[in-house]
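In: After the sequence you'll find the predicted model.
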Amino acid sequence: MPRIQRLSTRLANQIAAGEVVERPASVVKELLENCLDAGSTRIDIDVESGGTKLIRIRDNGQGIAAEDLPLALARHATSKITSLEDLEAVSSLGFRGEALASIGSVSRLSLISNTADDSSEGQQAESEGRDMEVQVRPAAHPRGTTVEVRDLFFNTPARRKFLRTEKTEFSHLEEVVKRLALARFDVAFSLRHNGRVIHQLRPALDEPEQKRRVASLCGPAFMEQAIYIERELPEFKLQGWVGLPTFSRSQADLQYFFVNGRVIRDKLIAHAVKQAYRDVLYHGRHPAFVLYLSLDPAKVDVNVHPTKHEVRFRDGRDVHNFIFSSLHRALADVRPADQVESPG
Ligand code: ADP
Ligand code: MG
């Protein structure tokens, strides 16, 4: 019998990375969530070769204190929760303290950060060796953080084999940026791929600006054929844009649903939306929508899955009814006879 041995830190982190770091898009998701949790108002994303060669994300958030840098790269280390009670009402996007450690174990990761408004003297950290010991040295950086991830999966060939073409990886990555840009109108985003500007989004603070952002991310045709809805009850609020049946799609590729600012995929919500559109869409067509639901964070459990794409509602039936009735009402004036098929 082989003897029991403790795994090296790197190997343990690589195993954990298997759950959350599937491809460049997953790295971008984790890094962007960190930028947003740090209160950034501006985020610049630079990638090369679909993100496989380089992902560099710079923010102007609160930064990481020099003495915390090693912890930022360690597993199960987070500044976002300290107790189970915190977890039960978590409002930050992250809380598991796993992302940077996982990503750092399967790439060449460097972190440069500065917490001071009045100085450009920051600190750079990288983790090395089998136990991922962190080296910290001075580096110039304005307030905020830059994370650089190079050569994703360079040391995990089995994972690398599953990467698709540069184009496919980039389109997944762009989709992640889109979702977060739709989730946070108050934040400026830029995305560059191989030096080319793909998106350049100013903060969108009023409704016309928000419409412009949605149009630039989802296409002007969607905005032209969508209605704005807003409905508020004491316990829920739903707002956003629902595509008219004239803008139905052959695929469910323009469906964004945010719960307390977090993009999610949920069977219950999908069902409520589908029911609401049932009488106005032809069979096999899919609605397009960008919708935002807000409710008491204590009434929704986000710790269901490591990627946090799924949630569990405490009062699922109420949520279902609220979404169904809001959309049904908004679509009530739209008769199936008015329908024109769109090529979408
Ligand atoms: P989590 O987000 O679950 O806490 P991460 O591994 O993603 O775990 O990040 C670890 C910690 O590093 C965070 O809790 C946060 O304190 C810090 N951190 C990471 N990225 C940033 C950033 N862009 N700005 C400020 N702090 C950050
Ligand atoms: Mg995180």
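Out: On my side now, so go ahead. Numbers count the residues shown, from 1 in each chain. Ligands and ions are numbered 1, 2, ... in the order given.
In: For V304, report the pLDDT, please.
Out: Note for V304: predicted pLDDT of 68.
In: for D131, same thing?
Out: 94.
In: separation between the closest residue in space to it that isn't next to it in sequence and T82?
Out: Closest residue to D131 apart from its sequence neighbours, by Cβ to Cβ, 6 or more residues apart in numbering: T9 at 4.4 Å. C-beta here means a position set from N, CA and C on the backbone, and glycine is covered the same way. Distance, T9 to T82, using Cβ to Cβ, to the nearest Å: 23 Å.
In: Which residue of the two possesses the greater neighbour count?
Out: T9 (18 against 9; other Cβ atoms under 10 Å).
In: Test my guess that the more buried one contacts M132.
Out: Yes. If you go by Cβ atoms under 8 Å, T9 and M132 touch, sitting 4.8 Å apart.
In: Identify the contacts common to the two.
Out: Common neighbours of T9 and M132, using Cβ atoms under 8 Å, 6 or more residues apart in numbering, do not exist here.
In: Now do the buried residues in the longest helix anywhere in the chain.
Out: Secondary structure of the chain per DSSP state H: the longest helix is helix 166-183. If you call a residue buried by 16 or more other Cβ atoms under 10 Å, then helix 166-183 has these buried ones: 166, 169-170, 172-174, 176-183.
In: what does stretch 314-331 give?
Out: Going by 16+ other Cβ under 10 Å, stretch 314-331 has these buried residues: V319, H320, F322, I323, F324, S326, L327, H328, A330, L331.
In: ok so, going back, let's see the longest helix of the chain as CSV, backbone CA atoms only.
Out: Provided in CSV are the C-alpha atoms of helix 166-183 (Å, rounded to 0.1, in the frame of the first residue of the first chain):
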residue,chain,number,x,y,z
GLU,A,166,-8.4,31.4,-30.4
LYS,A,167,-11.6,32.7,-32.0
THR,A,168,-13.8,30.4,-29.9
GLU,A,169,-12.0,31.1,-26.7
PHE,A,170,-12.3,34.8,-27.3
SER,A,171,-16.0,34.6,-28.0
HIS,A,172,-16.5,32.9,-24.6
LEU,A,173,-14.4,35.5,-23.0
GLU,A,174,-16.2,38.4,-24.6
GLU,A,175,-19.5,36.9,-23.5
VAL,A,176,-18.3,37.1,-19.9
VAL,A,177,-17.3,40.7,-20.3
LYS,A,178,-20.7,41.4,-21.9
ARG,A,179,-22.6,40.0,-18.9
LEU,A,180,-20.6,42.0,-16.4
ALA,A,181,-20.9,45.1,-18.4
LEU,A,182,-24.7,44.6,-18.5
ALA,A,183,-24.6,44.0,-14.8
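In: and it, what does it pack onto?
Out: helix 24-37, strand 42-48, strand 188-193, strand 196-201, helix 207-218, strand 255-259, strand 262-263 (3 or more Cβ pairs under 8 Å, 6 or more residues apart in numbering; DSSP states H and E).
In: switch the cut-off to 6 Å
Out: Using 3 or more Cβ pairs under 6 Å, 6 or more residues apart in numbering; DSSP states H and E, the elements in contact with helix 166-183 are helix 24-37, strand 188-193.
In: Next, the angle helix 24-37 makes with that helix.
Out: 20 degrees (axes from the mean of the first three to the mean of the last three Cα atoms, to 10 degrees).
In: now the angle between strand 42-48 and helix 166-183, please.
Out: 170 degrees.
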